[in-house]
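Asks: Generate a structure from the sequence data that follows.
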Amino acid sequence: MPQLSMHSPLGDLTLSEDDGAIVALDWGWGRDQDETSLLVAVRDRLDAYFDGGADPFADLPLAPYGTAYQQRVWQVLRAIPAGQTRTYRDIAQVAGGSPRSVGQANSVNPIPILIPCHRVVAVQGLGGYSGDGGLDDKLFLLGLEGAAVPALA
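Replies: Take a look at the predicted model:
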């Protein structure tokens with residue numbers, strides 16, 4: 001599986017590709033490096049995003065591994081515009097399930113940032129984030145996008 005790592009404001013990130021689609025974005029530097037055209041293009045888009053550019057991820061070929069329910073949740077997340085947030089309850093109303101099941105799907109999102117689980121917040125505050133830096137990463141990403149950050153409950 002081709003992988004390409006990059007430095008970011010959140011630390012090192014590694015993108016993984018399988019069969020022409022991005023399947024993972026992991027925190028840390030990957031052991032193997034393979035500059036496919038897709039991995040280079042996504043790395044460049046991430047660099048532009050971290051430099052304050054628009055969210056350039058909507059048209060990326062993403063193929064996260066997950067259950068049918070997780071896939072539905074992640075598809076709904078991809079429709080949240082940059083700079084906006086939705087609650088776990090909002091996502092559950094569209095994808096089905098409960099706010100808790102949405103949170104569980106978010107916690108195993110294999111392609112964070114590109115599938116913007118950081119844009120999902122709790123009704124009573126920020127909620128959680130599974131990135132390496134936890135809530136600090138979530139706050140950074142929301143701030144980068146100019147999103148209103150809910151008060152911590």
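Asks: contacts and neighbour counts: CA atoms only from here.
Replies: Will do.
Asks: So this protein: which segments form each domain?
Replies: 3-50, 68-144 (automatic domain parsing).
Asks: Kindly compare burial across the ones you listed and name the winner.
Replies: domain 68-144 (a mean of 19; mean count of other Cα atoms under 10 Å).
Asks: Can you list the helices and strands that the longest helix belonging to the chain packs against?
Replies: Taking DSSP state H as the criterion, the chain has its longest helix at helix 37-50. The helices and strands touching helix 37-50, judged by 3 or more Cα pairs under 8 Å, 6 or more residues apart in numbering; DSSP states H and E, are strand 3-6, strand 13-18.
Asks: export the domains of the chain to TSV and tack on mean pLDDT?
Replies: Output for the domains of the chain, formatted as TSV (pLDDT from 0 to 100):
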stretch	mean pLDDT
domain 3-50	96
domain 68-144	93
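Asks: Tell me which of those lies nearest to Leu62.
Replies: Closest approach to Leu62 among the domains of the chain (Cα to Cα): domain 3-50, 4.7 Å.
Asks: Noted, bye for now.
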